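In: Next comes the sequence, and after it the predicted model I'd like to discuss.
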Amino acid sequence: MKLKRQKQAKKTISFYKYNFGFREPFQVLVDGTFCQAALKNKIQIKEQIPKYLMGEVQLCTTNCALQELESLGKELYGAKVILQRFQVRSCKHFKSPVPASECLLSMLQETNPHHYFVATQDFAVTDEVKRLPGVPLLYIVVNTMVMEKPSAASLERVKAVQAGELVSPAQQLSISSLKEQQGIGQGGEEGRGRKRKRKRSNPNPLSCLKKKKRKAPPTGPAAANGGEGEAKTGRRRSKKRKTEGGPSGAGVPAASQ
């Protein structure tokens, strides 16, 4: 029976993983009734729940559940000591506590966005949890911990998603993240007044250098005349060098005898 129960639990966990996006560490929301049943049946919650769920677990509760146990007196002192060891998640009733059953249901909202497992012995809570899709339920029966099979609401939600009538929670998260990246608000309109600030970048150092002025070449008749003059002077100088550097006695009158 133990092996059969373990296989059934593995199958149920896989159902919630693939259809509702449950991931480790699993968050188990515990109330005082579950702690009292575990104490009575000598079940170590911190040891048994991780083994049963076959993964890392975070046990948590609410301030309202602690306040309820404290108000009930010494009869539930042991359950209160166990519940105090778990993480306390913030709820909406910090200033004015409400019954634990009402507080737990408010933590689940309508779609269980935080992917809580619920561990309770309260029949009112279990009935309401079965009406919500995507909420795994844990309870104790005759010294054994049991996980409820997926409820009819969960099965109907999965069928609707597969038929394309609804969007799965994982797809909703991806769509909302894409909307935030694109700056699209509610109603499909782009958020006005939220312009992305451009980062100031340093100017290019090459663009800061002063441009060198290039001398324009001479144009017009003056430039042409100047070029011809330079050519003529060059010819004259070459002729003089030839006359001075000729053969000895060349061009010099002979001395009179």
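Out: Alright, I've got the coordinates.
In: CA only for contacts and neighbour counts going forward, please
Out: Noted.
In: which residues of the protein fall in strands?
Out: 26-30, 57-62, 87-89, 116-119, 137-141, 144-147 (DSSP state E).
In: dump the residue contacts of I43.
Out: N143 (C-alpha atoms under 8 Å, 6 or more residues apart in numbering).
In: hang on, the earlier thing: out of the strands of the chain, nearest to K95?
Out: strand 57-62 (12.8 Å; C-alpha to C-alpha).
In: low-scoring stretches of the stretch 51-200 of the chain, by residue?
Out: The model of the stretch 51-200 of the chain has pLDDT under 70 over residues 165-179, 184-200.
In: So which of the strands of the chain is nearest G164?
Out: Nearest of these (C-alpha to C-alpha): strand 116-119, 25.4 Å.
In: Could you export the closest one as CSV, CA atoms only?
Out: C-alpha atoms of strand 116-119 as CSV (Å, rounded to 0.1, in the frame of the first residue of the first chain):
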residue,chain,number,x,y,z
TYR,A,116,0.8,26.6,-2.6
PHE,A,117,0.1,23.1,-1.4
VAL,A,118,-2.5,23.2,1.4
ALA,A,119,-2.1,20.9,4.4
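In: residues making contact with it?
Out: 26-31, 34, 108, 135-139.
In: Same question for stretch 120-133.
Out: Residues contacting stretch 120-133 (C-alpha under 8 Å, 6+ apart): 30-34, 37, 101, 104-105, 110-112, 135, 137-140, 151-155, 157.
In: Tell me the buried residues within those.
Out: Neighbour counting with 16 or more other C-alpha atoms under 10 Å marks 30-34, 37, 101, 104-105, 112, 135, 137-140, 151, 153-154, 157 as buried within the contacts of stretch 120-133.
In: Now do the same contact list for A153.
Out: 130-133.
In: Adding neighbour count and distance to F15, write those out as TSV.
Out: Converted to TSV, the contacts of A153 look like this (neighbours: other C-alpha atoms under 10 Å; distance: C-alpha to C-alpha, whole Å):
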residue	neighbour count	distance to F15
K130	19	15
R131	14	17
L132	20	15
P133	20	12
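In: Perfect, that will be all.
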